[in-house]
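[1] mind folding the following:
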Amino acid sequence: RLDVLYSAQHVFDSRDDADARTDPSATLRRNDSFHHFQTRWSSGWGSSSEFAAGFGMTQAILGSAFQPDATGASTIDLPLLKRTGSAPLATSGLRARYVFNASIRGIRRGPLGSHSLDAGGSFNYGRITNRWDSLAGVDQVLVNGQGSEVIRWNTFTEVRQHVRDVSLYVQDSWRFLDAFVISWGLRLEESGGRASGANGRVRWTTLDPRAGLAIPLGVHGLNLRASWSRYSEFLQGRYLDFGNPSALGGEVFAWQDGNNDRQAQPQEIG
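    You can find the predicted model right below:
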């Protein structure tokens, strides 16, 4: 048997982040495209075994742009959260993930009961690109209409990241006396990733066991089930931005708006 799936989606928002407290010029024009492809092949080996393999790919092309009429620095007035000027940041990027997995399943019957065996593995690779831009390069912060802080961004900036995950697993469910079930499983997973231009690499290897038990209670259709399992965390690409000088960052300066024009001048920034 061969199954194939493809889906696509396009999203356009002329006023992304619109809010009653946000000027229309401080919103973004968002334009995103999403693609998903998946195929899976399975084949039976005799009457009690099956081999399956699959491949999947997802891709997201993300983009946002400043409004054509946006001018000046992005300004937010606290605590009312009123935003004027331009949007703080325009972002764009690519999210792509490729996954391959395979498994073999079988049922083995013997004098002490039956075993449902399952073993397999997967390879997961993600590629990420992030870009940030600011119209004026700074963000102004007001408090009750008075100048307070200026954030100076390091835009335009761009980072690329790669994330990889490899896992192998094996599990078995032993059914005996046509009622009692003992199950166990073991998963070995290795996750790693790095950001282009960064010195370090994040990597960890974990071993995840699990076990379960099902016991009939003597009442028709009523069973007692207990299980225990350990799950490891999958490495997220956003973690790789920390400590990367190419990622989005900024410096915060004190701002004394001497002429009260709500526009930060160099001599007003400390």
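[2] now for the nearest residue to Ser33 once chain neighbours are set aside, how many residues are close by?
    Spatial nearest neighbour of Ser33, chain neighbours left out: Ile61 (4.5 Å); criterion: C-beta to C-beta, 6 or more residues apart in numbering. C-beta: built from backbone N, CA, C; applies to glycine. Residues within reach of Ile61, counting by other C-beta atoms under 10 Å, total 16.
[3] again with Ser64
    As a burial measure, Ser64 scores 20 neighbours (other C-beta under 10 Å).
[4] buried residues of the helix or strand it falls within, list them for me.
    If you go by DSSP states H and E, Ser64 is part of strand 49-66. Under the neighbour-count criterion of 16 or more other C-beta atoms under 10 Å, strand 49-66 has 50, 52, 54, 56, 58-66 buried.
[5] also stretch 219-231?
    By neighbour count with 16+ other C-beta under 10 Å, stretch 219-231 contains no buried residues.
[6] next: stretch 75-83.
    Using 16+ other C-beta under 10 Å as the test for burial, stretch 75-83 gives Thr75, Ile76, Asp77, Lys82, Arg83.
[7] hang on, the fourth one packs against Arg21?
    Meaning Lys82. Yes. With contact defined as C-beta atoms under 8 Å, Lys82 reaches Arg21; the gap is 4.8 Å.
[8] against Trp41, how distant is Ile104?
    Look at Ile104 and Trp41: by C-beta to C-beta, to the nearest Å, they are 13 Å apart.
[9] where do the contact lists of those two overlap?
    Contact with both Ile104 and Trp41 is made by residues Ala52, according to C-beta atoms under 8 Å, 6 or more residues apart in numbering.
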